[in-house]
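Need coordinates for the below:
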Amino acid sequence: MAWIYDGRHRPPFAEQPGPGQESVWDYPRPPIVVADTRSVAVRFVNFVVAESNRALRVLETASAPTFYLPPEDVRSGYLKVGRGASFCEWKGEAVYYDLVGDWGELSQVGWSYPHPSPAFQALAGYIAFYPSKLECYVDRERVRAQPGGFYGGWVTRDIAGPVKGVPGSAGW
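Numbering: from 1, shown residues only. From the prediction side, this is the model:
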């Protein structure tokens, strides 16, 4: 089945956004990158992995926003390029990062696009983190992981879904 949603029309099953909310069904396809100046933090237990107010969000129809942080705002020396890679039809080839420290090693906690496609050059070197593996916060709100395992979207109270990855969403 071909994808039919592109942000121009909400499907009948889309939640109505409340005050201060965005509908993930209003996000475009292909996705866009937007700057976000809210406070973003990524932690592992009590260790601060990253803090920024210079994040970039990728907004794509039906997905929770994915936050990418500038490399200068990530604690250097604790991330190493891990195994595996993936390819996004829009952004290009991603590399994955492992978090290493006194606690040991956590695999594939984040990813980046070292050489993204021309339309996504703003993401070059920025790092996204999986809220399913680390504690991620936006303005002190603990983010919930986008369902589905593979997705790296950050589910917060300011979005209305449902988001891709929930049961029954395979045909979206």
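
any weak-confidence spans in the chain?
For the chain, the stretches flagged by pLDDT under 70 are 1-2.

tell me the centre residue of it?
Thr66 (2.0 Å; C-alpha atoms, centre = their mean).

thinking it is in contact with Gly152, fair?
Yes - using C-beta atoms under 8 Å, Thr66 is in contact with Gly152, at 5.1 Å. Every C-beta, even on glycine, is put in place using the N, C-alpha and C of the backbone.

how much space between the residue sitting furthest away from the middle of the chain and Tyr78?
Residue farthest from the centre of the chain, counting by C-alpha atoms, centre = their mean, is Asp102 at 26.5 Å. Going from Asp102 to Tyr78 by C-beta to C-beta, to the nearest Å gives 10 Å.

And Leu106, by the same measure?
Where Tyr78 is concerned, Leu106 sits at a distance of 10 Å (C-beta to C-beta).

Mind listing the shared neighbours of those two?
Counting by C-beta atoms under 8 Å, 6 or more residues apart in numbering, the shared contacts of Leu106 and Tyr78 are Leu99, Val100.

Bridging across strands, which residues link to Arg57?
Using DSSP bridges, the beta-bridge partners of Arg57 come out as Val34, Phe67.

That one contacts Ala64, correct?
No - between Arg57 and Ala64 there is no contact under C-beta under 8 Å: 9.9 Å.

Between those two, tell me which one has more neighbours.
Each of Arg57 and Ala64 has its neighbours counted (other C-beta atoms under 10 Å); Ala64 has more, 27 against 22.

ok, the closest residue to the more buried one other than its chain neighbours - contacts?
In space, and not counting its chain neighbours, Ala64 is closest to Gly153: 2.9 Å by C-beta to C-beta, 6 or more residues apart in numbering. Residues counted as contacts of Gly153 (C-beta under 8 Å, 6+ apart) are Ser63, Ala64, Pro65, Thr66, Ala145, Gln146, Val163, Lys164, Gly165.

Report the contact partners of the fourth one.
To tie it back to what came earlier, the one meant is Thr66. So Thr66 contacts Arg57, Val58, Ala128, Gly152, Gly153, Trp154 (C-beta under 8 Å, 6+ apart).
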